[in-house]
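Undergrad: Provide a 3D model corresponding to the input given below.
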Amino acid sequence: MDNKIYMIYGRDPLSMTRSLLEAVDAASLIGDRSSRIVIKPNFVIADRPENGAVTHTEITVAVIEYLHQNGFEDITVAEGSWVGSRTEDAFRLLDYYGLAKRYGIKLVDTKKDLFRRVESHGISMEIAETALSADFIINLPVLKGHCQTLMTHAMKNLKGFLSDRSKRDFHKFGLMKPIAAISDVIKCGLIISDSICGDLDFEEGGNPVETDRMMASTNAVLLDSYASSLMGYAPHDIGYLKVAHDWRIGDTDPSRAEVIALNTPVASNIRPKGEAQRLSRYTAPDDACSACFASLIHALKRLDDENLLSSLDKKIAIGQGYKGKSPELGVGSCCLAALHSVKGCPAKADDIINMLRSYLS
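TA: Numbers count the residues shown, from 1 in each chain. From the prediction side, this is the model:
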């Protein structure tokens, strides 16, 4: 399934994760029941998942329960928050200490782990022994924006396996080459992406955008490349993906991804907050699905960064309520009758950007 990306929509991360695990047949991917399995969530800071920064706890629970049900017992959850934050604060806030006791798993704060120095592509880094000694790593990143790299997802989530000293070094080296380098060292057997409500701009959250979506893949580079298009970027806009392409670490062409949707998005009561709320004034949703609306918000953010939104004089129609109607601007398969439209269910942010740039030119 190296080029397959499984997609599921909804608001129940527990059941959505279970469906993804079954779809990819995770037990067969792992194989040996005695394998040392490491689960890597994203706890950049101690915060609630609904703020768009950290992995939903239910996803980790679903993974642990699936592993136990399939005979896997050697399970560790390992993470290290960013420099200046204490991982144990996130463990406590999100009840990981209780989770470890309830399921009999190991919990490792990688800030306190033993480290081994590894070099890749000229980048030297200290990586937690827990990660290097794992037989199978399950990566649980949050798809969200980042003020320096534009996007953070599967590849960048591996920074949590670094010592704080190496995390600082990564920034000193410009982030892009180091992120590609660590992705060439640590190969995750499975990535389950928490794209339920990732932040629009910042990895520490605050501007969550509801997409009600999760993904699964075994290919971190291709998944990140596809994810970049969902946020309105081309892969070459993301510096570490360009490096990954140049170093031939993985495939960065999202068109080669075979996207398998396990269900279809449904209309939802969209409640944008903060920056997303400001951008939503350019939209006219009517029974819009969260995934499609989120793509539109990401596209509007990119255009706002280019100072193009001030010239947009029409609101953008989106949602099932527009079927059979002909607004000026429309996004998604429900609005194909619009004079200027973007197909897709849901539409992709990069396609929306191209349509709006053409309209505004």
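
Undergrad: please make it C-alpha for all contacts and neighbour counts, starting now.
TA: Will do.

Undergrad: quick one: list the elements packing against the helix or strand encompassing Ser358.
TA: Taking DSSP states H and E as the criterion, Ser358 maps to helix 349-360. Applying 3 or more CA pairs under 8 Å, 6 or more residues apart in numbering; DSSP states H and E, we find helix 349-360 packed against helix 220-230, helix 290-305, strand 340-342.

Undergrad: contacts only, for Ala337.
TA: Counting by CA atoms under 8 Å, 6 or more residues apart in numbering, Ala337 touches Lys323, Gly324, Lys325, Ser326, Pro327, Gly330.

Undergrad: mind doing that once more with 10 Å?
TA: Residues in contact with Ala337 (CA atoms under 10 Å, 6 or more residues apart in numbering) are Tyr322, Lys323, Gly324, Lys325, Ser326, Pro327, Glu328, Leu329, Gly330, Val331.

Undergrad: same question for Leu114.
TA: Shown in contact with Leu114 (CA under 10 Å, 6+ apart): Glu126, Ile127, Ala128, Glu129, Thr130, Ser163.

Undergrad: cool, and Arg302?
TA: Neighbouring residues of Arg302 by CA under 10 Å, 6+ apart: Met231, Gly232, Tyr233, Leu296, Leu308, Leu309, Ala349, Asp350, Ile353.

Undergrad: next one: Pro272, what pLDDT does it get?
TA: If you check Pro272, the pLDDT there is 64.

Undergrad: repeat for Phe173
TA: 87.

Undergrad: ok, so of the contacts of Leu114, who is nearest Ala100?
TA: For the contacts of Leu114, the residue nearest Ala100 by CA to CA is Thr130; the value is 16.3 Å.

Undergrad: average pLDDT for stretch 49-69?
TA: Averaged across stretch 49-69, pLDDT comes to 97.

Undergrad: how far does it sit from its chain's centre?
TA: Distance of stretch 49-69 from the chain centroid (CA atoms, centre = their mean, to the nearest Å) equals 14 Å.

Undergrad: which positions in it come out as buried?
TA: 49-57, 59-64, 66-67 (16 or more other CA atoms under 10 Å).

Undergrad: one step back: scan the contacts of Arg302 and report the most crowded one.
TA: Leu296 (31 neighbours; other CA atoms under 10 Å).

Undergrad: distance of the nearest residue to that residue once chain neighbours are set aside relative to Thr60?
TA: Nearest residue to Leu296 in three dimensions, chain neighbours excluded: Ala349, at 6.0 Å (CA to CA, 6 or more residues apart in numbering). Distance, Ala349 to Thr60, using CA to CA, to the nearest Å: 28 Å.

Undergrad: do Thr252 as well
TA: Counting by CA to CA, the separation of Thr252 from Thr60 is 28 Å.

Undergrad: just Asp12 next, same as before
TA: Between Asp12 and Thr60 the computed distance is 13 Å (CA to CA).

Undergrad: just list the residues touching Ala244, thanks.
TA: Residues in contact with Ala244 (CA under 10 Å, 6+ apart) are Met176, Lys177, Ile179, Ala180, Ala181, Ser183, Asp184, Val221, His236, Gly250, Asp251, Thr252.

Undergrad: give me the subset of these lying in helices.
TA: In helices, defined here by DSSP state H, the members of the contacts of Ala244 are Met176, Lys177, Ile179, Ala180, Ala181, Ser183, Asp184, Val221.

Undergrad: nearest to Tyr97 among those?
TA: Looking across those and measuring by CA to CA, the closest to Tyr97 is Ser183, at 28.5 Å.

Undergrad: quick one: contacts for the closest residue to that closest one other than its chain neighbours?
TA: Distance criterion CA to CA, 6+ apart; nearest residue to Ser183, sequence neighbours excluded, is Met155 at 5.8 Å. By CA under 10 Å, 6+ apart, the contact set of Met155 is 139, 141, 179-184, 186-188, 191, 219-221, 223-224, 240-241.

Undergrad: now Arg33, nearest residue through space, not along the chain?
TA: In this structure, Arg33 finds its nearest non-sequential neighbour in Phe72, 5.0 Å apart by CA to CA, 6+ apart.

Undergrad: next, the contact list for that neighbour, please.
TA: Each residue near Phe72 by CA under 10 Å, 6+ apart is listed here: Ala27, Ile30, Gly31, Asp32, Arg33, Ser34, Ser35, Arg36, Ile37, Ile64, Glu65, Tyr66.

Undergrad: now name the helix or strand holding it.
TA: Secondary structure assignment for Phe72, by DSSP H and E: no helix or strand.

Undergrad: now it: how far from Lys187?
TA: Phe72 is 20 Å from Lys187, where distance means CA to CA.

Undergrad: any weak-confidence spans in this structure?
TA: Residues of the chain meeting the criterion pLDDT under 70: 1, 269-274.

Undergrad: helices along that one, start to end?
TA: 13-24, 26-30, 57-69, 87-93, 96-103, 129-132, 164-172, 176-185, 220-230, 239-246, 274-279, 290-305, 349-360.

Undergrad: give me the buried subset of the ones in helices among the contacts of Ala244.
TA: Buried among the ones in helices among the contacts of Ala244 by 16+ other CA under 10 Å: Met176, Lys177, Ile179, Ala180, Ala181, Ser183, Asp184, Val221.
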